[in-house]
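S.K.: this is a predicted model, with the sequence first.
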Amino acid sequence: GKLIDKFGPKLILEFGFLVSIAGSLFLIFVTTNYSNFLTVCIALIFMGLGIGFTMGTPMNYMMLANTKEKEANSALATLSLIRSIGTAVAPAIMAGFLAAAGANLQTSLMQQFPNTVSLPDLPYEQEINSEMAELKADPQVGSMFNNVSIPNFSSMKEMKLSFDSNSSYQMPDDLLTQLQESDVTTIVGTSKELADVMFDQMTPSVIKQIQDGLQQGIDGLSMGIMGMQHNPMANQATLVTMENLKTHLETLNQDIPNAFLQAKNQYMKEIDARGNSIESVYQNVLNEGFINIYRTTAICAAIAMALLALLYREKKKDTNGKE
């Protein structure tokens, strides 16, 4: 009250709006880029001063100074109504900006995920390759094994993961909500949960494809072994090689799920290694929403300052006209 009596409500309000603009600009250009205790405190001081010098008493003085005495109660009631509307609408606007920024969160985060899953060394890999080459070179059974298809082990070493708009992967709604509600301290853990669900959805079809290919080779070998066993002229060394190859393929076929489990664990370790990058991207995406909030605050404060100046100019003109 003493400040208003000394400087007038106009100067107090203009100072409050100016401080609010300064605080908003500080938040946009400093706090969002260098988030620490000091920058947050400075920003809060600016915004607190801005709100303190514009809300409450200064506005009441302004309304009373620009309305007739008999309309004072209505003016104050209208101001209270507008203030209540602003209090109700502002959080919704803020949530809208954050939701708009969060819409890009999934894509931005998943771009930080490793896009390759590396499988560990597969059991009997070298033995299977050498035994298969030996059988194909055997003049007695080579023609039969030319039609036996064994998966390419080199292509099984890595599995590419696609996270772009053309990917078939769809994030569950509950996990998407959890992702959007995370903070910097929990985003890496949430990302690992996302990776876990992703593996459960994407790898079964790949495992089935590999195992189906191996099973075709096993079935072909089984038929060949049966034929060799009923052929008294069959080369026993070749038969032993075929039986060994079948055993190795069966062992490999059973170990494929375990290989993918090991690959999944390694993938989780890679996400942990990229934790700082994931946290940085998460913070930057959310900062886009906060920056829009601060920008809107600065614009509204600037408009208020302009309207305040116009109001007083008009009043001065009217006063001069009467005089």
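M.R.: Received it, and whenever you're ready, just let me know what you need. Every value quoted in this text rests on a predicted model; they were computed, and no experiment measured them. Residues are numbered from 1 along each chain as shown.
S.K.: distance between the strand or helix carrying Ala88 and the chain's centre?
M.R.: Take DSSP states H and E as the rule and Ala88 turns out to sit in helix 72-102. How far helix 72-102 lies from its chain's middle: 30 Å, per Cα atoms, centre = their mean, to the nearest Å.
S.K.: can you pull out the strands in the chain?
M.R.: Taking DSSP state E as the criterion, the chain carries its strands at 116-118, 158-160.
S.K.: and the ones you listed as JSON lines, adding distance to Ala237 and mean neighbour count?
M.R.: Backbone N, C-alpha and C define where each C-beta goes, glycine included. Compiled in JSON lines, those are given as follows (distance: least, Cβ to Cβ, whole Å; neighbours: other Cβ atoms under 10 Å):
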{"stretch": "strand 116-118", "distance to Ala237": "37", "mean neighbour count": "15"}
{"stretch": "strand 158-160", "distance to Ala237": "36", "mean neighbour count": "12"}
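S.K.: wait, which of those strands is closest to Lys6?
M.R.: strand 116-118 (69.3 Å; Cβ to Cβ).
S.K.: tell me which residues are up against that closest one.
M.R.: Residues from elsewhere that reach strand 116-118, judged by Cβ atoms under 8 Å, 6 or more residues apart in numbering: 157-161, 203, 260, 263-264, 266-267.
S.K.: one more time with 6 Å, if that's ok
M.R.: Contacts to strand 116-118, defined as Cβ atoms under 6 Å, 6 or more residues apart in numbering, come from residues 158-159, 263, 267.
S.K.: show me what that strand pairs with in its sheet, parallel or antiparallel.
M.R.: strand 158-160 (antiparallel) (DSSP bridges).
S.K.: what are the contacting residues of the partner strand?
M.R.: By Cβ under 6 Å, 6+ apart, strand 158-160 touches 116-118, 206.
S.K.: what average pLDDT does it get?
M.R.: What strand 158-160 shows for mean pLDDT is 74.
S.K.: i'd like the first residue to be 41 from this point on
M.R.: Noted, 41 is the first residue going forward, which turns the last one into strand 198-200.
S.K.: what count of nearby residues applies to the nearest residue to Glu171 once chain neighbours are set aside?
M.R.: Computed as Cβ to Cβ, 6 or more residues apart in numbering, the closest residue to Glu171 that is not its neighbour in sequence is Leu285, at 4.3 Å. When neighbours are defined as other Cβ atoms under 10 Å, Leu285 has 26 of them.
S.K.: isn't Leu285 right up against Ala173?
M.R.: No. If you go by Cβ atoms under 6 Å, Leu285 and Ala173 don't touch, sitting 10.6 Å apart.
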